[in-house]
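*Asks:* Pasting the sequence and the predicted coordinates here, then a few questions.
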Amino acid sequence: MQGTTALKTHSVLRWDLPRLHYLLALLDDQGRAMLRPALWRQWQNEVDERAARVRALIAARSGQAGLDVTIVRSLEVVRDTAYGRTPGRTPRQALEFLARGNEAWRIAASVRTVGTYLDLTRLAYAVEVLAAGCAALHGEPGHLLITIWDPSETRILAEARAIAADAGLHLAAVGLYPLPKLLPSTGGSLRACKAITT
């Protein structure tokens, strides 16, 4: 019996948890909340509480498994805008502000524009894939970004690939989909997998 050699790799889990995304998406084109003040405050509290619960769960589970985990906070520099504290700031101005302090955002802003805060939040997901998957940005050649997606989120990886191509960068990333998302909950079969992959 021949022995097998396990491939040893150091894996880092980067969690891009939507938080400020949920606030920015509800701003008008002048950075004002599109909700009544009481509902806006309630929404902010709900978003913050959910983010705290998810972060705590990730910390607890990853700690038990001995995993190296990073929580991504690329939108943190526009936190005041996300909370509606900078009325008058347009989505384009927010994008320019993000691009000033972050190379991945600078590259994205050089090949993409935004018209709404919802556009900016969608771009934020692609920028995180770009930052984690391009050696030119993270400085660690030979790394492969493996993203876990819901099939409805394929546009994020597609947009990151398009931005990388437009900017002349190589994006080393693949998207994996959890099997329960691919197979129906009742009567699923391998034929369904074959139909999806062909």
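*Replies:* Ah, there it is.
*Asks:* Find me the pLDDT at A60, would you?
*Replies:* At A60, the model reports a pLDDT of 87.
*Asks:* can you give me the helices in this structure?
*Replies:* Along the chain, the segments classed as helices by DSSP state H run 20-24, 37-65, 79-82, 91-100, 103-111, 117-133, 135-138, 154-167, 179-182, 190-197.
*Asks:* Leaving out chain neighbours, which residue sits closest to E153?
*Replies:* Y125 (7.8 Å; Cβ to Cβ, 6 or more residues apart in numbering). Glycine gets a C-beta too; all of them are placed from N, C-alpha and C.
*Asks:* got a pLDDT number for the one you found?
*Replies:* pLDDT at Y125 comes out at 92.
*Asks:* Identify the residues contacting it.
*Replies:* 16, 21, 153, 156, 159 (Cβ atoms under 8 Å, 6 or more residues apart in numbering).
*Asks:* give me phi/psi at the first one?
*Replies:* The phi and psi torsions at D16 (degrees, to the nearest 10) take the values phi -100, psi 90.
*Asks:* Against I107, how distant is it?
*Replies:* Applying Cβ to Cβ, to the nearest Å, the value for D16 to I107 is 17 Å.
*Asks:* What of the third one?
*Replies:* Taking Cβ to Cβ as the criterion, E153 is separated from I107 by 21 Å.
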